[in-house]
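Participant: How does the following fold in three dimensions:
(chains A and B)
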Amino acid sequence: MGHGGGQHRMLNSRQVITAVDIGTSKLCVLIGECDSKGRLRALAMGERDSGDAVCKGEIRKMSDLCTRLSEALEDASDSAGTEIDPANMFFSVTGRQIASQRSIGSVTIMNEARKVCEEEIKEALENSRQISLPVNTVPINFVDSEFIMDGNRKVEDPLGLVGSKLEAVSFCVHGSSSMVENYRAAIGECGYQIKHKGDIFAALASAKSTLGAEDLKHGTLLIDIGAGTSDFALFHGNGYFDCGSIPVGCDHIANDMCAAFDIHVTKAREIIQEHLQTDDFLKEQFVSLDRSGEPRRIPSVSIEKVVGLRVNEIFEIIAASLQKSRLKQHLGRGVVVCGGGAKIAMIVKGAEKFFEATVRTGEVREIDGELSKLRDPRYCCVAGILKYGAEGRSGGSDRMRIISGVDKGLWSLITQSWGKIVESIKI
Amino acid sequence: MNQSKSETGLPPEGIIEAKGGIAILGIGGAGVKMASAILSAGPSPRMRLGALDFDEGSLASYKGDCKLSSPPPAGTKAMGTGGDILVGERLAAMSRAGIAQFISGAAVLIGLSGMGGGTGTAASPIVARVAKKLGVPTIFILTVPFSFEGHKRRQTAEKGIENLLVDADVVVPIDNDILYSIMPSETPFPEAFLRSDAEIAMSALCIGELLTAESYLSSTFPSLKNMLGRRKSSCSIGSGEAEMGGGKDFCQAAAERLLDSPLLGGLAEMKKADAAAISISGGCGLGIGPMKRTFETVKTFFRDDAELVCSVSDNGPQGKGVFRITVLAARYESQKPESDSKASGAEEARQGGYMQDELPLMTPKKGIFVNTSENFFKSQDLDIPTFQRKGLSVDFGK
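Facilitator: Below is the predicted model of the structure:
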């Protein structure tokens, strides 16, 4: 199992990470391992249909979900040939109450030379985690943004700079505590009690797997359009960040078509799978549905109209949530669309028209392994959860900007892991 | 929009073949009276008149040949429906065969009836359905009850019109209030009623000719259908005539008479119209100068943003030397307020061709999101399809 020798076996098992994505159309488990050089390799994936256990991103049938999830977990662990360790499990969360709030932690520089050292940075970041949230709201992730020296100078890496006060700007992505706990409980019911924090907002996970440093620096809007929800996150190197989730997804597109053409939802989903992946269906006048007896013909322009209206509405709501006025200036690298919705041509084209920026489909980066499924945008989220788990489990910190000077060598990895284990024991 | 005769001399598309003739059917008490008025005005040979009623007395007063009714139970007299819609529906259903026989072969059916009572309100939709099955285009000219006749009658009339809109191609509702307001209040009532019947008869004749005369500039029937067949409207019809030749400016004269035309209500009413169909006929000798002038003049009677459909025709053998402008002006019912937009959206979707009955168990339009948590954003329920919340109709396909 794994590489290296006996002396690493104990550590190897800690480096096998399990990512769980509970979605409206599918439940997905991805097992991967992080090697000594810090490269991530995907080992196996287990997947099950969600049925109607999850609707619009919310869990509606716990026992049904747990049955399916257990099967997916078993599949994955069998294929990977390892046991799943709940201490290394991470999962995604979503829900309409997710929002982000800016929080600043400051520290006065006390040492004689008035130089910023590691401790000061650490303390500033710790302080930025102190945030007062409404009742029943818990922080999910922190997205560290930038540092401010002496109250007015923005810096990226303050290590070694001289000043009297250091502030760390961080954005807290928070959501309803019961919503988060629901996911944890579902995984718990399958037999894996996740005691560490382990959660990540779905859009952040997708961003982690698809966006590179340039995207984060010049400004990118990431939209993960799933079956039940559309999650989005806007990044910009000048320190701006915003995110949210809308409980409207591809299922709504299917439902709209059901209502318009009086067809069953499975037929509508078929139409989406077969015809809406490209724009070709518009070349024909009708889309034919096979049926016993006379085939049913639906005018393509009607489909275009119904789907187009819904897709546009999704973008409008996203733009409204993001304060449309500020949106344009933060889209240097355009829009990235992930999730099942990215495969629908009308969504990608619609985004181009609506946001007036380049739009690309998200592709998983920097994960090795022969899992061809990872090329499908539907798995951007679960791949991102894996990456998140691999990069650090420090109580929810997630530095979403260019990280420079972090040593990814083996020893730092060991010392980091040990440090966190000690920390988690403290908690 | 430009229609021109092709090389082979075939008529342009959209012209209703005049061969079949125009069938005019008066439905219900009011309708029969209107049909009588046409009879006395002298219909053209291409027209076929009929009367459908279940009241013996009313049918007896109709002097024409073709009377349709359903035979009363043995030993009783046909006493009409007495304002009961269900009775009217039942009786009309029984007379379907007779109606079908009357309509078949006609190029277009003009139905005349008064809404609000039993026979007219109930039988008109059935007549429309029969005509639709036979493939005959239909126009219904209806009168809507006076305000003083009460709220219930008005409501019944409105429901009848909505039912009719489903199957009929063009629906022209005329408000009785307007109809009678054009006459001075001292007019003795028998005369007033006769005159209003005559007005409507005149309008029916005008429309009949509008449709069957060969028309240029646009195909009238589809345009009318598009204007009036989709949503509820209140309409008025009027015409103005003038002798051609003789050196006088006949365009101006006809336009002035148009303004005087009682049902149109004059300039004030015309300015309120949302759409209008303007048709002029002046024989083959009508010059393009007068034609252009006439259209420009009539255009100024309407609002800048009103939808106008213009057509010009040559009268053919009748009406030589007579220049006539016929106008049909329509005002659309204003959109229902936001809270009802869901319902009206569904209504419009229905009128667009989606006619399947709804199973009572199905919560309309939420589909798979029935019984899920609510999804409100800015006071709109996101689970309801977007096109319905915006009230847009979608072509259903087959």
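Participant: for the stretch 201-350 of chain A, which spans come out with low pLDDT?
Facilitator: Residue ranges of the stretch 201-350 of chain A with pLDDT under 70: A:291-293, A:324-325.
Participant: ok, which stretches of it are strands?
Facilitator: In the stretch 201-350 of chain A, the strands defined using DSSP state E, counting those that start in this stretch lie at A:220-225, A:230-235, A:241-246, A:286-289, A:296-299, A:335-338.
Participant: Now render the ones you listed as a markdown table, adding distance to residue B:265 and mean neighbour count.
Facilitator: Quick note: C-beta positions are derived from backbone N, CA and C, even for glycine. Output for the strands of the stretch 201-350 of chain A, formatted as a markdown table (distance: least, CB to CB, whole Å; neighbours: other CB atoms under 10 Å in any protein chain shown):
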| stretch | distance to residue B:265 | mean neighbour count |
| --- | --- | --- |
| strand A:220-225 | 54 | 28 |
| strand A:230-235 | 53 | 28 |
| strand A:241-246 | 51 | 24 |
| strand A:286-289 | 46 | 16 |
| strand A:296-299 | 41 | 18 |
| strand A:335-338 | 55 | 27 |
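Participant: Could you list the residues in contact with the strand or helix carrying residue B:39?
Facilitator: According to DSSP states H and E, residue B:39 maps onto helix B:28-41. Residues from elsewhere that reach helix B:28-41, judged by CB atoms under 8 Å, 6 or more residues apart in numbering or on different chains: B:24-26, B:47, B:49-53, B:55, B:58-59, B:61-64, B:80, B:88, B:111-114, B:117-121, B:123-124, B:141, B:143, B:193-194, B:197-198, B:200-202, B:204-205.
Participant: Show me what the mean pLDDT comes to for that helix.
Facilitator: For helix B:28-41, mean pLDDT rounds to 84.
Participant: mind checking the end-to-end distance for stretch A:188-200?
Facilitator: End-to-end distance of stretch A:188-200 (CA to CA, to the nearest Å): 17 Å.
Participant: Point out where the stretch 1-150 of chain B drops to low pLDDT.
Facilitator: Using pLDDT under 70, the stretch 1-150 of chain B drops low at B:1-20, B:43-44, B:71-78.
Participant: okay, the angle between the longest helix anywhere in chain A and strand A:241-246?
Facilitator: Assignment by DSSP state H gives helix A:300-321 as the longest helix of chain A. With axes from the mean of the first three to the mean of the last three CA atoms, to 10 degrees defining the directions, helix A:300-321 sits at 130 degrees from strand A:241-246.
Participant: Helix A:300-321 packs against which elements?
Facilitator: When contacts are defined as 3 or more CB pairs under 8 Å, 6 or more residues apart in numbering or on different chains; DSSP states H and E, helix A:300-321 packs onto strand A:230-235, strand A:241-246, helix A:250-261, strand A:286-289, helix A:345-355, helix B:386-389.
Participant: can you list the ones you listed in TSV and add distance to residue A:165?
Facilitator: Shown next, in TSV, are the helices and strands packed on helix A:300-321 (distance: least, CB to CB, whole Å):
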stretch	distance to residue A:165
strand A:230-235	26
strand A:241-246	22
helix A:250-261	48
strand A:286-289	63
helix A:345-355	38
helix B:386-389	50
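Participant: Residue A:107 is nearest to which of those?
Facilitator: When those are compared by CB to CB, strand A:241-246 sits nearest residue A:107, at 21.5 Å.
Participant: who touches that closest one?
Facilitator: A:57, A:94-96, A:98-100, A:143, A:145, A:171, A:173, A:201-204, A:229-235, A:314, A:317-318, A:321-323, A:400, B:377, B:382.
Participant: got the buried residues for the helix holding residue B:39?
Facilitator: B:28, B:29, B:30, B:31, B:32, B:33, B:34, B:35, B:36, B:37, B:38, B:39 (16 or more other CB atoms under 10 Å in any protein chain shown).
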